[in-house]
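1. Let's see this in three dimensions:
(chains A and B)
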Amino acid sequence: AQKVTQAQTEISVVEKEDVTLDCVYETRDTTYYLFWYKQPPSGELVFLIRRNSFDEQNEISGRYSWNFQKSTSSFNFTITASQVVDSAVYFCALANAGNMLTFGGGTRLMVKP
Amino acid sequence: EPEVTQTPSHQVTQMGQEVILRCVPISNHLYFYWYRQILGQKVEFLVSFYNNEISEKSEIFDDQFSVERPDGSNFTLKIRSTKLEDSAMYFCASIGPESSYNEQFFGPGTRLTVL
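-> As a prediction, the model looks like this:
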């Protein structure tokens, strides 16, 4: 069975602060894929990043960066210099070879001006 | 850019009624999925569909639910007799041969309200 845990249900920061969203996963598969999705108030799911289990390289995309550590089964997401438009619910998700996505409970990020 | 579309965007129905939620996946995609998100909760897998049959389903996907790809373009989710607890956002997703790392393309969702 697969499981994704996002321990932080809600985070509130002031604009320009850095914020890290935690994600811990469990799987017995050796091949798996990790994702982050953003869900703004409008409700759609916006794809942010995917990582496969064989690629532990960290990634940076603008103000976003991701830290994948297999040793701790974590795939954390950092927003640098947060902005009000970053306010959303962020979901971490895990897919096995069968492609079924298992989502975490989500972290609601509120960025105040 | 091709995208997954879903209709309607919002469906209101009475308890006990049948509803059909429609999705048009990206045209050359092969794998199709339905997910559900009850308001304020996480997104949950319902069912996956490949080669005109269900490949995997969750415990949520009971006999009240069915899926169909009736005409090679639409992918539908039917709920036979809706219950109050079926009120949720329903997302369709698809994967195509060009997608790497199992990326699923999600539609915008249909919000189902059961009264």
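
2. C-alpha only now, for contacts and for neighbours.
-> Fine.

3. chain center to the worst-scoring helix or strand of chain A on mean pLDDT: distance?
-> One helix or strand of chain A scores below all others by mean pLDDT, DSSP states H and E: strand A:59-61, with a mean of 86. How far strand A:59-61 lies from its chain's middle: 13 Å, per CA atoms, centre = their mean, to the nearest Å.

4. hmm, it touching chain B?
-> No - against chain B, strand A:59-61 shows no contacts by CA under 8 Å from any CA of the partner chain, the least distance being 15.5 Å.

5. Neighbouring strands - and their directions - for that strand?
-> Strand A:59-61 has the following strand partners under DSSP bridges: strand A:64-69 (antiparallel).

6. Next, name the residue at the spatial heart of chain B.
-> B:Trp34 (3.2 Å; CA atoms, centre = their mean).

7. For chain A, which segments count as helices?
-> Here chain A has no helices by DSSP state H.

8. what does it have sitting close to chain B?
-> For chain A, the contact set with chain B under CA under 8 Å from any CA comprises A:33, A:43-45, A:50-52, A:95, A:97, A:99-106.

9. any idea how far B:Thr113 is from A:Trp23?
-> One correction, residue A:23 is Cys, not Trp. A:Cys23 sits 31 Å away from B:Thr113, going by CA to CA, to the nearest Å.

10. which residues of chain B score low on pLDDT?
-> Residue ranges of chain B with pLDDT under 70: B:98-102.

11. Enumerate the residues of it near chain A.
-> B:41-45, B:48, B:101-103, B:106-109.

12. so which of those residues is the most crowded?
-> B:Gly109 (29 neighbours; other CA atoms under 10 Å in any protein chain shown).
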